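Visitor: Attaching a predicted model along with its sequence, questions to come.
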Amino acid sequence: MQIAYLFVCLLECSRTRPAEGAVEDGKVEEKKRNHPGSFVDDSPCQDKKCFELTLAQRGRSQAPLGSHIWERMKPTEMTQDGGGVPVGKRLRFQRPYASVPQFTNSPTMIVMVGLPARGKTYISKKLTRYLNWIGVTTKVFNVGQYRRDATRAYNSFEFFKPDNAEAMKIRKACAIAALKDVWEYFTSEQGQVVVFDATNTTPQRRELILSFAKENSYKVFFVESICDDPEIIAENIKQVKLSSPDYIDCDKDEAVADFLKRIECYKLTYVALDDNKDRNLSYIKIFNVGSRYLVNHVQDHIQSRIVYYLMNIHVTPRSIYLCRHGESELNLVGRIGGDSGLSARGAKFASALQTYVRKQSISELKVWTSHMKRTIQTAEALGVAYEQWKALNEIDAGVCEEMSYEEIQENYPEEFALRDQDKYRYRYPKGESYEDLVQRLEPVIMELERQENVLVICHQAVMRCLLAYFLDKSAVELPYLKCPLHTVLKLTPVAYGCKVESVFLNIEAVNTHRDKPENVDVDREPEEALETVPAHI
Amino acid sequence: MTNCPTLIVTVGLPARGKTYISKKLTRYLNWIGVPTKEFNVGQYRRECVKIYKSFEFFSPDNEEGLKIRRHCAMAALNDVRQYLSVEGGQVAVFDATNTTRERRGAIVKFAEQNGFKVFFVESVCEDPDVIAQNIVQVKLGSPDYIHCDTQEAIEDFMKRIKCYESSYQPLDEVLDRDMPYIKIMDVGRRYLVNRVQDHIQSRIVYYLMNIHITPRSIYLSRHGESDLNIKGRIGGDSALSARGKEYGTCLRKYIQEQNIKDLKVWTSQMKRTIQTAECLGVPYEQWKSLNEIDAGVCEEMMYEEIQEHYPLEFALRDQDKYRYRYPKGESYEDLVQRLEPVIMELERQENVLVICHQAVMRCLLAYFLDKTAVELPYLKCPLHTVLKLTPLAYGCKVESIYLGVDAVNTHRERPENVSVQRSTEAALKTVPAHF
């Protein structure tokens, strides 16, 4: 009986449908109450009922209609009703905000605080990248940039002396100009979070920002970076200051000397956030690159997530290796999804990967795979311990699982077109969207941030999502990132971004990348739809 | 998740919420699958000193008392060692005041000797209202004060706190700079987090920073009866039946009568929960993670059909309903993973009504009522019944409110015979009636 159970397990448990959101998942913004994404069947009358349901909601809906609601309809049958709502024979609603979480109601300003070379810009850019990736529209406003635009040429640290009245005027004007742009971003561009990147080292400056926020009903969360380790500061200066536009014509030693004097200028007036006086403010103080944190008065979900993220990132040098499983049997015949084993060439890749990893001589490398056969088989060839993550499973193509693109075009031509119209948000019937994928990959990203050297053996759509996080790619670019088989991407954090090295391990494989075709209309010809399908058996 | 076992050590004066935090944290870790156990030194003391006389036992110059207390701490640590090294536990929560540097030093040494990681959780609070509230909620009902009247008990307890105050050495920013810890100040208004070492400590910190003690209630309910429910079919995405819609209306009335302040309403992204929420006439949020368990190849089947087409699977599921994963579907274990962010957000929120599904509700309920993985898949969550959960003392008060609208029963008990060779009748014995 035990043997039978095991045998069945091997047969049945290998193909597992990914959990809809492994650890972290999200929710649809409450105002955009819409029609559910998963269907029992695809019959039109079913859709009509749901459509009617949503129409009824519309009457009470608080959601602004228009560009947010993406509707599928045949162009010829579109007419407008009095409320500017296109009416007519609609096929189905797609929820554009399928699993985007509602993190916060009011816009939030994250305000950096700290002396120069304390990692404020590093944190600002990283945090912004993370928030955008999880679907919270975020933008950085770097006041130093405004200053460079206002003063044209940087002379010396004297500009930053507290008794330089002329310069103080300019610096204040820059801060105010930046705040004005913040307002613009929140108002016209519907941004949700702004990161205000400047030293903000005096209570007066912080008070200015707090008043501005209060006037406009923005929430404020301070992030203060405190560091007195001279080695860390020296490393910062080397990594990001020497190449700054300010020091473009200086030699290294001059630049370092000038910058250190600049820091001294700020020290004279620096008042850190005070445990007592600022007890009603919301903030996190980061000490010495994360060995210690002080968190005060977290107000809401987004602030809680920001704190969690900031507490998990580090600056220890390391590399992240991303690659797909070796070529699989289904890859060969041009079919998507499924849970097939490696092809002969795929197995060869696994060996080549083992050689590559050994040669790289990586200190304490962790290896992660999904729960699917093809990644596990690839990892097995490495001969080292590996962890399986269900969250790394390939995107679930629902009713299209194991189909070739030709078959999808034949059986679901509309779905195929709709997917090409918005590949990021499109959810396969009974399946997932890239947007869903990002939600379920968030804990993977969080753990990748905590870890040091990691090799992630995953799948095409999954790798695109992870890559988009590291390389700050938008939702439009993400589903079309090139992640070919048998190629390892080595990502190494450097300065404010990520260095990418692409290593093709020299084992031939099919191409599985399908570019966006020119014609994405639902009534396009099959040839137009299949124009960009890569070759297969 | 963890390589070596972790010892979480609470620190703080009496009535600072250490036991509350210990129990809650233990419940959370067990729910997400990390075997955790708490060891309350006060419990050991009660077993040792059968009858509690007065606060004088805790006086710093009571030699006899000190000896007993030290002995109890040692006994508890021994049991910790047993649990972590022998019984396969991953986290132990050592719940005691641990207010002196000396005591903490001894614990750290003990942990080093046994290869355990240590993480301190200190609770600091000077708000007399909060302390008074603590005493009323959990101390008055303690075995120590079972024969005292309220006034006496409070007075004695306050004097007990005084005994600890003189020798209390809080975790120090400088002296303890190499120690991993979180200091919770003023019931979560402020936190000081130092040297988090690994993933589990990071998760613990995140959890502790999201919980609160503001009084509130969580309402759990399933969607109204659906068309597939009536037919005895599982899963799918069907609409409400007529009785289901009636339930929606009754739910609306119930909510209005309850007069709940700032109630948030959450649903899944499936028709039946959304339709139910629509009846309430208030804004609601849809969570994909609240979707029902995916039954994979068995979606929309009746139990009779599952027995007919997948008798082996059906039996395996009965053998280990928590871990069993439907082919191309999910297991309860997977469900718990995907519901973790829902639980985290529920902890942050105040009054919430969650309209979900049978398996999902079982998982959420198991978290609040500290049910094991064995009990979880068999928790009774009938249709048309609201469960009102109100945190109380160290646990949760449950009120079950049936809203008076008939519905099919969808609860299938574990049959007696779970062998793969059982007969069809044996397999279908516990299937509830349906059309």
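Guide: Yes, it's here.

Visitor: buried residues in stretch B:392-400?
Guide: By 16 or more other Cβ atoms under 10 Å in any protein chain shown, the buried positions in stretch B:392-400 come out as B:C396. To be clear about C-beta, it is placed using only N, CA and C from the backbone, and glycine gets the same treatment.

Visitor: Not counting its neighbours along the chain, what's nearest residue 348?
Guide: Reading this off chain A. Nearest residue to A:K348 in three dimensions, chain neighbours excluded: A:I507, at 4.8 Å (Cβ to Cβ, 6 or more residues apart in numbering or on different chains).

Visitor: could you do chain B instead?
Guide: Of all residues not flanking B:R348 in the chain, B:N210 sits nearest, at 5.1 Å (Cβ to Cβ, 6+ apart).

Visitor: That neighbour belongs to a helix?
Guide: No. Using DSSP: H, G, I helix; E, B strand; the rest coil, the assignment for B:N210 is coil, not a helix.

Visitor: Please look at it and B:I343 and confirm they touch.
Guide: No. The criterion here is Cβ atoms under 8 Å, and B:N210 misses it with B:I343 at 9.6 Å.

Visitor: top helix in the chain by residue count?
Guide: Here I'm looking at chain A. helix A:165-188 (DSSP state H).

Visitor: hmm, I had chain B in mind actually
Guide: Counting residues, the longest helix found in chain B (DSSP H) is helix B:63-81.

Visitor: Quick one: mean pLDDT for it?
Guide: Taken as a whole, helix B:63-81 has a mean pLDDT of 94.

Visitor: in that helix, what's buried?
Guide: Under the neighbour-count criterion of 16+ other Cβ under 10 Å, helix B:63-81 has B:G65, B:I68, B:R69, B:C72, B:A73, B:A75, B:A76, B:L77, B:D79, B:V80, B:R81 buried.

Visitor: Kindly provide the distance from the last one to B:F116.
Guide: When you say that, I think you mean B:R81. According to Cβ to Cβ, to the nearest Å, B:R81 stands 8 Å off from B:F116.

Visitor: residues shared between the contacts of these two?
Guide: Both B:R81 and B:F116 are contacted by B:F110, under the criterion Cβ atoms under 8 Å, 6 or more residues apart in numbering or on different chains.

Visitor: re earlier: just checking, the residue nearest to A:K348 touches A:A352?
Guide: Yes. The pair A:I507 and A:A352 qualifies as a contact (Cβ under 8 Å) at a distance of 5.6 Å.

Visitor: Chain B: strands as residue ranges?
Guide: For chain B, strands defined by DSSP state E occupy the ranges B:6-11, B:36-40, B:91-95, B:117-124, B:181-185, B:190-194, B:218-222, B:264-267, B:285-287, B:352-356, B:385-392, B:395-402.

Visitor: got these as JSON lines, with mean pLDDT columns?
Guide: Formatted as JSON lines, the strands of chain B follow (pLDDT from 0 to 100):
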{"stretch": "strand B:6-11", "mean pLDDT": "98"}
{"stretch": "strand B:36-40", "mean pLDDT": "98"}
{"stretch": "strand B:91-95", "mean pLDDT": "98"}
{"stretch": "strand B:117-124", "mean pLDDT": "98"}
{"stretch": "strand B:181-185", "mean pLDDT": "97"}
{"stretch": "strand B:190-194", "mean pLDDT": "97"}
{"stretch": "strand B:218-222", "mean pLDDT": "98"}
{"stretch": "strand B:264-267", "mean pLDDT": "97"}
{"stretch": "strand B:285-287", "mean pLDDT": "94"}
{"stretch": "strand B:352-356", "mean pLDDT": "98"}
{"stretch": "strand B:385-392", "mean pLDDT": "96"}
{"stretch": "strand B:395-402", "mean pLDDT": "95"}
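
Visitor: In JSON lines, list those strands along with distance to A:H325.
Guide: Output for these, formatted as JSON lines (distance: least, Cβ to Cβ, whole Å):
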{"stretch": "strand B:6-11", "distance to A:H325": "34"}
{"stretch": "strand B:36-40", "distance to A:H325": "35"}
{"stretch": "strand B:91-95", "distance to A:H325": "34"}
{"stretch": "strand B:117-124", "distance to A:H325": "34"}
{"stretch": "strand B:181-185", "distance to A:H325": "40"}
{"stretch": "strand B:190-194", "distance to A:H325": "38"}
{"stretch": "strand B:218-222", "distance to A:H325": "39"}
{"stretch": "strand B:264-267", "distance to A:H325": "37"}
{"stretch": "strand B:285-287", "distance to A:H325": "31"}
{"stretch": "strand B:352-356", "distance to A:H325": "35"}
{"stretch": "strand B:385-392", "distance to A:H325": "44"}
{"stretch": "strand B:395-402", "distance to A:H325": "45"}
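
Visitor: Could you export these as JSON lines, including distance to chain A?
Guide: Output for the strands of chain B, formatted as JSON lines (distance: least, Cβ to the nearest Cβ, whole Å):
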{"stretch": "strand B:6-11", "distance to chain A": "15"}
{"stretch": "strand B:36-40", "distance to chain A": "18"}
{"stretch": "strand B:91-95", "distance to chain A": "18"}
{"stretch": "strand B:117-124", "distance to chain A": "13"}
{"stretch": "strand B:181-185", "distance to chain A": "9"}
{"stretch": "strand B:190-194", "distance to chain A": "4"}
{"stretch": "strand B:218-222", "distance to chain A": "16"}
{"stretch": "strand B:264-267", "distance to chain A": "7"}
{"stretch": "strand B:285-287", "distance to chain A": "4"}
{"stretch": "strand B:352-356", "distance to chain A": "11"}
{"stretch": "strand B:385-392", "distance to chain A": "19"}
{"stretch": "strand B:395-402", "distance to chain A": "23"}
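
Visitor: To A:R262, which of these lies closest?
Guide: Ranking the strands of chain B by proximity to A:R262 (Cβ to Cβ) places strand B:190-194 first, at 30.8 Å.

Visitor: Quick check: residues of the stretch 251-400 of chain B near chain A?
Guide: Contact residues, the stretch 251-400 of chain B versus chain A (Cβ under 8 Å from any Cβ of the partner chain): B:266, B:269-271, B:274-275, B:278, B:281, B:283-289, B:291, B:294, B:296, B:300, B:312-313, B:316, B:325, B:327-330, B:334-335, B:337-338, B:340-342, B:345, B:348.

Visitor: From these, which land in helices?
Guide: Assignment to helices by DSSP H places the following of those there: B:271, B:274-275, B:278, B:312-313, B:316, B:334-335, B:337-338, B:340-342, B:345, B:348.

Visitor: Those residues: which two are farthest apart?
Guide: Greatest spatial distance among those (Cβ to Cβ): B:L312 and B:R348, at 42.9 Å.

Visitor: May I ask which helix or strand of chain A has the lowest mean pLDDT?
Guide: Ranking every helix and strand in chain A by mean pLDDT, DSSP states H and E puts strand A:70-73 at the bottom, with a mean of 29.

Visitor: my guess is B:S123 contacts B:V11, does it?
Guide: Yes. Using Cβ under 8 Å, B:S123 makes contact with B:V11 at a distance of 7.4 Å.

Visitor: Pick out whichever of those two has more residues nearby.
Guide: Neighbour tally, B:S123 and B:V11, criterion other Cβ atoms under 10 Å in any protein chain shown: the higher count belongs to B:V11, 25 against 22.
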